[in-house]
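Peer 1: This is the structure alone, sequence omitted:
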């Protein structure tokens, strides 16, 4: 509902990426992460600052296991400070809590 699922998907994809042991697989996954989430106008472009984006572009040819760490931290902060609190206040979540409370009393 928030149209911020790209943040969660990016964060999870970074966790998978970090576990890539092979250099070949890491390069392939890094390019896919870039094309999907980092590249301007990409299908699921995440909201990160220009210096972070530029650092990723610079490192994408020989990506390390932590070349997306800064972007991942920024995305986590967005979720923690914005998306998650809104979700907790949402009608959907409030209805779920209410129904769980009713179920526990029966």
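Peer 2: Done, it's in. The shown structure was predicted, so the numbers you read here are calculated from the model rather than taken from an experiment.
Peer 1: Helices of this protein, start to end?
Peer 2: Taking DSSP state H, the helices of the chain run over residues 5-18, 23-33, 50-59, 69-78, 84-89, 91-104.
Peer 1: can you give me how far the second one is from the chain middle?
Peer 2: For helix 23-33, the gap between its own C-alpha mean and the chain's C-alpha mean amounts to 17 Å (Cα atoms, centre = their mean, to the nearest Å).
Peer 1: quick one: that helix to helix 69-78, angle?
Peer 2: Taking axes from the mean of the first three to the mean of the last three Cα atoms, to 10 degrees, one finds helix 23-33 and helix 69-78 inclined to each other by 40 degrees.
Peer 1: got the helices of the chain as JSON lines, with distance to residue 39, mean neighbour count and mean pLDDT columns?
Peer 2: All C-beta atoms are positioned from the backbone trio N, CA, C, and that covers glycine. Listed next are the helices of the chain as JSON lines, based on distance: least, Cβ to Cβ, whole Å; neighbours: other Cβ atoms under 10 Å; pLDDT from 0 to 100:
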{"stretch": "helix 5-18", "distance to residue 39": "12", "mean neighbour count": "17", "mean pLDDT": "94"}
{"stretch": "helix 23-33", "distance to residue 39": "10", "mean neighbour count": "15", "mean pLDDT": "94"}
{"stretch": "helix 50-59", "distance to residue 39": "9", "mean neighbour count": "14", "mean pLDDT": "95"}
{"stretch": "helix 69-78", "distance to residue 39": "12", "mean neighbour count": "17", "mean pLDDT": "95"}
{"stretch": "helix 84-89", "distance to residue 39": "26", "mean neighbour count": "12", "mean pLDDT": "82"}
{"stretch": "helix 91-104", "distance to residue 39": "32", "mean neighbour count": "9", "mean pLDDT": "86"}
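Peer 1: any chance of those in TSV, with distance to residue 40 too?
Peer 2: Listed next are those as TSV, based on distance: least, Cβ to Cβ, whole Å:
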stretch	distance to residue 40
helix 5-18	14
helix 23-33	14
helix 50-59	8
helix 69-78	14
helix 84-89	26
helix 91-104	32
